[in-house]
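In: attaching a predicted model along with its sequence, questions to come.
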Amino acid sequence: MQAHGGAEAPDARAPARAGRQLPGPATRTTGLILGPVETAPRCARGILAAALAQWGLPGLREPGEEIISELVTNAIAASHRAAPPGTGPLPVTVWITAGNGELCIRVWDPDPAPPPADPSLPGDLAESGRGLFIVAALASRWSWHPAPSGGKYVWAALPLHPGPHAT
Ligand SMILES: Nc1ncnc2c1ncn2[C@@H]1O[C@H](COP(=O)(O)OP(=O)(O)OP(=O)(O)O)[C@@H](O)[C@H]1O
Ligand SMILES: [Mg+2]
């Protein structure tokens, strides 16, 4: 007898998808292009939170959102600084990847100038200069590299499965 409801029986001849149980793309990567505007860091936080929820990594949301906010804010400032006279700032690009034991947040901006290598905490009265210090404190590692077609990437990583905290 034929089954009703349109559901097709699994094809016994179809090759099994060995070792892969989860739906969705095998590579946990998402990217976005953000206009150099005030709302961009919020947008980046939202995309990161959605990606982490989809990937089953909700524990990385808090440090991840802090890091992506600081990197995107800096990239937008750099894009404004790098805009040649008479032109507008370019959008910035964000890549978020989970793999090889790390969540990696990578942000491109068009300014070839690198960020400071060893950011230190500014004095109590300073109103700025804390962003990269926070990134360096939260991330397991961070750095930057020139982009092949100009500008640079600044990136920061968090372990996917942090070890137990020492007490
Ligand atoms: N993507 C970048 N490209 C070029 N220079 C950068 C970049 N990110 C940071 N910098 C430089 O490093 C400095 C320190 O960055 P940091 O984020 O720590 O502080 P800030 O952006 O000045 O202030 P805030 O505390 O609001 O983040 C910046 O002022 C800028 O000169
Ligand atoms: Mg900053």
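Out: Nice, thanks for sending it over. Ligands and ions are numbered 1, 2, ... in the order given.

In: switch to C-alpha atoms for all contacts and neighbour counts from now on
Out: Fine.

In: so Leu132, which state does it fall into?
Out: Here Leu132 is recorded as helix under DSSP: H, G, I helix; E, B strand; the rest coil.

In: what is the neighbour count of it?
Out: Look at Leu132: counted by other Cα atoms under 10 Å, it has 21 neighbours.

In: excluding sequence neighbours, find me the nearest residue to it.
Out: Distances taken as Cα to Cα, 6 or more residues apart in numbering place Pro119 nearest to Leu132, at 6.1 Å, with adjacent residues excluded.

In: mind listing what's buried along stretch 35-55?
Out: Pro36, Ala40, Pro41, Ala44, Arg45, Ile47, Leu48, Ala49, Ala51, Leu52 (16 or more other Cα atoms under 10 Å).

In: the protein: helices as residue ranges?
Out: 40-54, 61-82, 131-138 (DSSP state H).

In: Asp109 contacts Gly151, doesn't it?
Out: Yes - the criterion here is Cα atoms under 8 Å, and Asp109 meets it with Gly151 at 5.6 Å.

In: so between these two, which is more surrounded?
Out: Shown here are Asp109 and Gly151; by other Cα under 10 Å, Asp109 has more neighbours (30 against 18).

In: thanks a lot, see you next time.
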